[in-house]
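> here is the input, now give the coordinates:
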Amino acid sequence: MAYTLDSTLADFMDDPRVLPLLEKQFPGIAANPQVSMVKGLSLRMIVSNPLAAQMGLTEEKANALLAEVNKIA
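Sure thing, here's the model as predicted:
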C-alpha cells in the first residue's frame, strides 16, 4: 500500500514499519492521548490546519515523510 496525503494518521500509526518513523519525526506521538482526536484525519487535513505549521508540520515535511515511509511500506 502506498501512503499518500489522503492516508489517515491511523493508517500510519497502525503500520508497525511506519510507527518508528513517526516517532523519529514526532517524539512521543504514539503515547500522546490527544492524538486519538486526530487519528481519523488524513495527512492532507492535518497539514492544512494552521496549528500544524506552527508545530513544524508543513506540506513539504509531510511529503518528505511520505517518501521515506513509501520506501519501507
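> in which helix or strand would I find the residue nearest to F26 when sequence neighbours are not counted?
In space, and not counting its chain neighbours, F26 is closest to L57: 7.9 Å by Cβ to Cβ, 6 or more residues apart in numbering. From N, CA and C alone the C-beta is placed, and that goes for glycine too. According to DSSP states H and E, L57 maps onto no helix or strand at all.
> check G40 too.
Assigned by DSSP H and E, G40 belongs to no helix or strand.
> do you know how far it is from A64?
According to Cβ to Cβ, to the nearest Å, G40 stands 23 Å off from A64.
> wait, A10 touches K39, no?
Yes - at 4.2 Å, A10 and K39 qualify as touching, with contact defined as Cβ atoms under 8 Å.
> not counting sequence-adjacent ones, nearest residue to D15?
Closest to D15 by Cβ to Cβ, 6+ apart is A73, at 6.5 Å.
> same question but for L66, I mixed them up
Distances taken as Cβ to Cβ, 6+ apart put Y3 closest to L66, at 5.6 Å, once the chain neighbours are dropped.
> report the contact partners of that neighbour.
Applying Cβ atoms under 8 Å, 6 or more residues apart in numbering, we find Y3 in contact with D11, F12, V18, L66, V69, N70, A73.
> closest one to G28 out of those, please.
Distance to G28 across these (Cβ to Cβ) is lowest for F12, with 15.0 Å.
> how about the closest one, secondary structure?
helix (DSSP: H, G, I helix; E, B strand; the rest coil).
> any idea of the pLDDT on it?
With respect to pLDDT, F12 has a value of 94.
> do M37 as well
pLDDT for M37: 93.
> burial count for it?
Counted with other Cβ atoms under 10 Å, the neighbours of M37 add up to 9.
> what residues does the residue most central in space within the chain make contact with?
In the chain, the centroid-proximal residue (Cα atoms, centre = their mean) is L9; its distance is 5.2 Å. Contact analysis of L9 by Cβ under 8 Å, 6+ apart lists V35, V38, K39, G40, L41, S42, L43, I46.
> just I46 next, same as before
Taking Cβ under 8 Å, 6+ apart, we find I46 in contact with L9, V38, A52, L57, A62.
> biggest separation within the contacts of Y3, which pair?
Top of the distance list for these (Cβ to Cβ): D11 and N70, 12.2 Å.
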